[in-house]
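Colleague: from the sequence below, what's the structure:
(one chain, ligands or ions: 1)
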Amino acid sequence: MNDSLVIIPTYNERENAELIIRKVFSLPKLFDVLIIDDGSPDGTADVVRSLQHEFQGRLHLEERRGKLGLGTAYIHGFRWALRHGYGYIFEMDADFSHNPDDLIRLYEACAVEGHDMAIGSRYITGVNVVNWPMDRVLMSWFASAYVRFVTGMPIMDATAGFKCYSAAVLGTILENKIRFVGYAFQIEMKWLAFKYGFRIKEVPIIFTDRTRGASKMSKGIFKEALLGVVQMKVDSWFRRFPRRGETAAAAAPATTAATPARETR
Ligand SMILES: Nc1nc2c(ncn2[C@@H]2O[C@H](COP(=O)(O)OP(=O)(O)O[C@H]3O[C@H](CO)[C@@H](O)[C@H](O)[C@@H]3O)[C@@H](O)[C@H]2O)c(=O)[nH]1
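Modeller: Modelled structure (predicted):
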């Protein structure tokens, strides 16, 4: 077993599954892989199963009965990772919009530089998105600006889905009930890490739209985020977050003071 686990949620990713798995296993650093498949009708899980013998002990598959949402898929994967003792846990899409080579940069930001969470960020150095339609780029960029405005959290890519967490961050965050089931869960995870005072780094990446399969983005996902972010902020007024390294009993009152965007701690 390696110290690092890459969690890849899949829904109808048959065309990408084998390619992305082989790519991760070809990297110079060793990563294990956990696929969380939501009963993909295209048989994605069959593809993964057919590779498990070749990558015995390194390629894991968790299957759920239906499409239950990106957020809950990751939560399922995080709990699995913590039970199995991984030190660094990654989120990555199956479709190569996140370049697997960047896993190593995210790992180094945490394991070498000592950050608690590293975010593969499209907006920390301009707008680094390739081949997305303009309306999708604008929606994504304004979504991050909206989150910064409502919450005061100084993160340029609030909806980013390419991340490395230390096990300590996940252990702490998952003591909370995660409210979002869709992509907005990405915002909530960063928000909680920020409120607990974990050290967050945005690592610049280039996000390239998929060439195989289709996005699962929907209006429902958008709506969940729109009001949910306000609710998330309001809820935080009524609770106290222990700071990183403190026990709940010794906790000082929470602060929302903004810190520089590149490294929030
Ligand atoms: N298990 C599971 N996987 C899912 C589900 N919905 C989506 N996925 C998987 O989650 C990954 C991302 O889904 P896409 O549909 O490819 O996302 P996108 O539109 O390219 O969205 C990207 O941008 C979002 C907004 O910035 C990001 O929040 C998101 O993570 C992603 O990077 C893919 O591997 C996809 O198969 C689900 O309900 N269940």
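
Colleague: if I look at residue 136, how far off is the ligand?
Modeller: From residue 136 over to the ligand the distance is 8 Å, taken as CB to the nearest ligand atom, to the nearest Å. Every C-beta, even on glycine, is put in place using the N, C-alpha and C of the backbone.

Colleague: count the residues that sit near that residue.
Modeller: 14 (other CB atoms under 10 Å).

Colleague: repeat for residue 49
Modeller: Residue 49 has 15 neighbours, counted by other CB under 10 Å.

Colleague: quick one: list the elements packing against the helix or strand that contains it.
Modeller: Using DSSP states H and E, residue 49 sits within helix 44-52. Contacts defined by 3 or more CB pairs under 8 Å, 6 or more residues apart in numbering; DSSP states H and E place helix 44-52 against strand 4-10, helix 14-25, strand 32-37, strand 59-63.

Colleague: for residue 85, find the nearest of the ones you listed.
Modeller: With CB to CB as the measure, strand 4-10 is the member of these nearest residue 85 (9.7 Å).

Colleague: wait, does that closest one contact the ligand?
Modeller: Yes: judged by CB under 6 Å from any ligand atom, strand 4-10 comes into contact with the ligand at 9, 10.

Colleague: summarise which helices and strands that strand is packed against.
Modeller: So strand 4-10, by 3+ CB pairs under 8 Å, 6+ apart, packs with helix 14-25, strand 32-37, helix 44-52, helix 70-83, strand 88-91.

Colleague: tell me how far stretch 173-189 lies from the chain's centre.
Modeller: Its chain's average C-alpha position is 10 Å from that of stretch 173-189, according to CA atoms, centre = their mean, to the nearest Å.

Colleague: repeat for stretch 42-56
Modeller: When C-alpha coordinates are averaged (CA atoms, centre = their mean), stretch 42-56 and its chain have centres 23 Å apart.

Colleague: repeat for stretch 215-232
Modeller: That offset, for stretch 215-232, works out to 16 Å (CA atoms, centre = their mean).

Colleague: buried residues, it. List them.
Modeller: Going by neighbour count (16 or more other CB atoms under 10 Å), the buried part of stretch 215-232 is 216, 221, 224, 225, 228, 229, 232.

Colleague: look up how far residue 245 lies from residue 7.
Modeller: Counting by CB to CB, to the nearest Å, the gap from residue 7 to residue 245 is 26 Å.

Colleague: my error: substitute residue 234 in the last question.
Modeller: From residue 234 across to residue 245, the span is 27 Å (CB to CB).

Colleague: so how many other residues sit close to the residue of the chain found nearest the ligand?
Modeller: Per CB to the nearest ligand atom, residue 161 is where the chain lies closest to the ligand, at 2.2 Å. Look at residue 161: counted by other CB under 10 Å, it has 20 neighbours.

Colleague: who's in contact with residue 17?
Modeller: Shown in contact with residue 17 (CB atoms under 8 Å, 6 or more residues apart in numbering): 10, 35, 44, 47, 48, 94.

Colleague: go on, residue 101?
Modeller: Shown in contact with residue 101 (CB under 8 Å, 6+ apart): residue 27.

Colleague: interface residues of the stretch 151-265 of the chain facing the ligand?
Modeller: Counting by CB under 6 Å from any ligand atom, the stretch 151-265 of the chain sits next to the ligand at 159, 161, 183, 186, 215, 216, 217.

Colleague: per-residue confidence at the first one?
Modeller: Predicted confidence (pLDDT) for residue 159: 95.

Colleague: show me where the chain has helices.
Modeller: 14-25, 44-52, 70-83, 102-111, 134-151, 167-173, 185-195, 219-237 (DSSP state H).

Colleague: buried ones in the fifth one?
Modeller: Buried residues in helix 134-151, counting neighbours by 16+ other CB under 10 Å, are found at 137, 140, 141, 143, 144, 146, 147, 148, 150, 151.

Colleague: remind me what it packs against, helices and strands.
Modeller: Taking 3+ CB pairs under 8 Å, 6+ apart as the contact cut, helix 134-151 packs with helix 219-237.

Colleague: just the residues contacting the helix it packs on, thanks.
Modeller: Contacts to helix 219-237, defined as CB under 8 Å, 6+ apart, come from residues 139, 143, 146-147, 150-151, 159, 179-184, 187-188, 191, 195, 254, 256.
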